[in-house]
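*Asks:* I would like to see how this sequence folds:
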Amino acid sequence: MTEQTHAALELDDIQRGVLSPRPTPYAATYILFRIDDRAQGRELMRRMSEVVTAATDSMSPLGETWVSIALTCPGLRALGVPQESLDTFAWEFRQGMAARATALGDAGESGPANWEPPLGTPDVHVVLVALAPDGAQLEAAVDRARPAFRNLPGVV
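*Replies:* Numbering: from 1, shown residues only. You can find the predicted model right below:
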């Protein structure tokens, strides 16, 4: 007989976009950031932690609207994560999407040479994703997130 162990998910620490399906239809926007100043990059992360919609927020006042944040390996490096820690991440994450374009099916017209800059470059450190059922709710979500990335000249 084997004993099963179940880990409890800490839903307050998981972004809602990870566990929730997209509304249908939906509108989305992606805002890309480059961190030029480590301290201001960390301040961005602190501020964003107050804006990101948690998985526990199933009854958001914005309905099926949420804000998520993603970091790239160069972004973690820009924030000061030590190389020995970065080396523990999956090689696919460390390599990045442009280097893995062929394996991902991004070839020809969809290849990195045709991506809008700065996509596919090491200059993409943080991605803010806002998603909503329509444009008006999307704009409200972006407006709610905007103070988190304002007045940080070391974050472009």
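*Asks:* list the buried residues for the helix or strand bottoming out on mean pLDDT in the chain?
*Replies:* In the chain, the helix or strand scored least confidently by mean pLDDT, DSSP states H and E is helix 16-19, which has a mean of 76. Along helix 16-19, the positions that meet the burial threshold by neighbour count (16 or more other CB atoms under 10 Å) are 16-17. All C-beta atoms are positioned from the backbone trio N, CA, C, and that covers glycine.
*Asks:* helix or strand right after it?
*Replies:* Past helix 16-19, further along toward the C-terminus, the next helix or strand under DSSP states H and E is strand 27-33.
*Asks:* and the helix or strand following that following strand, what does it pack against?
*Replies:* Beyond strand 27-33 on the C-terminal side, the first helix or strand identified by DSSP H and E is helix 38-49. Helix 38-49 sits against helix 73-78, strand 126-132, helix 135-149, with contacts defined as 3 or more CB pairs under 8 Å, 6 or more residues apart in numbering; DSSP states H and E.
*Asks:* pick out the residue nearest the middle of this structure.
*Replies:* Nearest residue to the geometric centre of the chain (CA atoms, centre = their mean): residue 70, 1.8 Å.
*Asks:* quick check: which ranges of this protein have low pLDDT?
*Replies:* Counting by pLDDT under 70, the chain shows low-confidence ranges at 1-3, 57-63.
*Asks:* 80 instead, please
*Replies:* Where the chain drops to pLDDT under 80, the residues are 1-6, 11-12, 14, 16-22, 54-63.
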